[in-house]
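S.K.: I'll drop the sequence and a predicted model, then ask my questions.
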Amino acid sequence: MTQTAPTKTVLEVITATAAYFQKSGVENPRLNIEHLLAHVLRKKRMDLYVEFDRVLSEAELTPLRDLVRRRAQREPLQHLLGTVEFLGLTLKCDARALIPRPETEQLCEMLAAQAKSADCAWKNGCIADVGTGSGCIALALANAFPEAKVIGLDASEDALALARENAERTGLAGRVVFSKSDLLSAAEGPFDLVVANLPYIPSADIAALQPEVQRDPAAALDGGADGLAIIRRVIPQAAAKLRSGGTLALEVGLDQTAILAAELSAQGWRDTKILKDHQGRERFIFTTHG
């Protein structure tokens, strides 16, 4: 007598896997399995809510099991899905560059809000995204400001390849130039805006980061002894390549804003503003050159 394979519904898979992810230390376990299951079924996540009673086939469960195993081993969800949403753009996401974070989206939103000012020069000027990684900042700003000239700079050939792929998939390849550069050293300028989300984690803290974060390239995380080594290098380069009155916008780590604001003031920067992220943490610095 042939035994029939046990059937599992969408809801049963979600419930069981969420419990498994929770034991594995995965944050937001139910959200994770919903994203993975929607990915396998090629549906939107919200579509699952009207298909809870649907029985999944073995052909659907087999690839899902592999993704669940890898996620439980703390491979980032974004790497498993292969894409990440960033300010309305769907970007390719893999181990070649830092996974775009919500705080970086907020940085771009703040820049867009500032650009509504009548005297904002860079919405129609030249913008440099230093340490562009996946290209998320450069592409988001190019998408928001069609008249701006945008350049994305990175020292990593792998990151630049990913950024160029993202430019193609978003239809912005003709709007952004990606170039290899150690920070701003190879960029000509002058720029109206220099924006940078550079490594800011102290070297000694990296081993304690979440396993998912440690999957990002080490060069995109390690900011030296106090986390500020690379940021300190870019500040004088920005001063040399910004127009007078140009803006430097930085995303930095917790407890670093006051230190940097004092150093910027000592170096002649003015109108320095410290801004908070959605969690109420001081995260961004906007300052003016000249």
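M.R.: Received it, and whenever you're ready, just let me know what you need. Residues are numbered from 1 along each chain as shown.
S.K.: and residue 129, what element?
M.R.: Counting by DSSP states H and E, the secondary-structure element that holds residue 129 is strand 126-130.
S.K.: note down every partner strand of that strand and its orientation.
M.R.: strand 149-154 (parallel), strand 191-196 (parallel) (DSSP bridges).
S.K.: downstream of it, the next helix or strand is which one?
M.R.: Criterion used, DSSP H and E; the element after strand 126-130 is helix 136-144.
S.K.: angle of that next one against strand 149-154?
M.R.: Orientation note: helix 136-144 sits at an angle of 170 degrees relative to strand 149-154 (axes from the mean of the first three to the mean of the last three Cα atoms, to 10 degrees).
S.K.: buried sites along stretch 15-24?
M.R.: When burial is assessed from 16 or more other Cβ atoms under 10 Å, stretch 15-24 yields the following buried residues: 17-18, 20-21. Backbone N, C-alpha and C define where each C-beta goes, glycine included.
S.K.: and residue 188, how far is that from residue 240?
M.R.: Going from residue 188 to residue 240 by Cβ to Cβ, to the nearest Å gives 11 Å.
S.K.: err, residue 256, not the other one
M.R.: 23 Å.
S.K.: the more surrounded of these two?
M.R.: Counted by other Cβ atoms under 10 Å, residue 256 and residue 240 do not tie: residue 256 has more neighbours, with 20 against 12.
S.K.: that one: what's it in contact with?
M.R.: Applying Cβ atoms under 8 Å, 6 or more residues apart in numbering, one finds that residue 256 lies in contact with 200, 227-228, 231.
S.K.: then residue 212?
M.R.: 74-77.
S.K.: would you mind giving the domain segments of this structure?
M.R.: Here the domain assignment for the chain is 8-73, 87-288, based on automatic domain parsing.
S.K.: report the buried residues of whichever helix or strand residue 91 is part of.
M.R.: Of the helices and strands defined by DSSP H and E, residue 91 is found in strand 89-92. Along strand 89-92, these residues count as buried under the neighbour rule (16+ other Cβ under 10 Å): 89, 91-92.
S.K.: mind listing residues that contact it?
M.R.: Contacts to strand 89-92, defined as Cβ under 8 Å, 6+ apart, come from residues 82-85, 100, 134-136, 139-140, 143, 162, 165-166, 169-170.
S.K.: ok, those vs residue 156, which is closest?
M.R.: Nearest to residue 156 out of these is residue 162 (Cβ to Cβ; 9.0 Å).
S.K.: pull up the gap between that closest one and residue 139, please.
M.R.: For residue 162 relative to residue 139 (Cβ to Cβ), the value is 11 Å.
S.K.: do residue 175 as well
M.R.: Look at residue 175 and residue 139: by Cβ to Cβ, they are 8 Å apart.
S.K.: higher neighbour count, the two?
M.R.: Under the neighbour definition other Cβ under 10 Å, residue 175 and residue 139 were set side by side, and residue 139 has more, 30 against 18.
S.K.: show me what counts as buried in stretch 144-158.
M.R.: Taking 16+ other Cβ under 10 Å as the neighbour-count basis, stretch 144-158 is seen to contain the buried residues 144-145, 148-154, 156.
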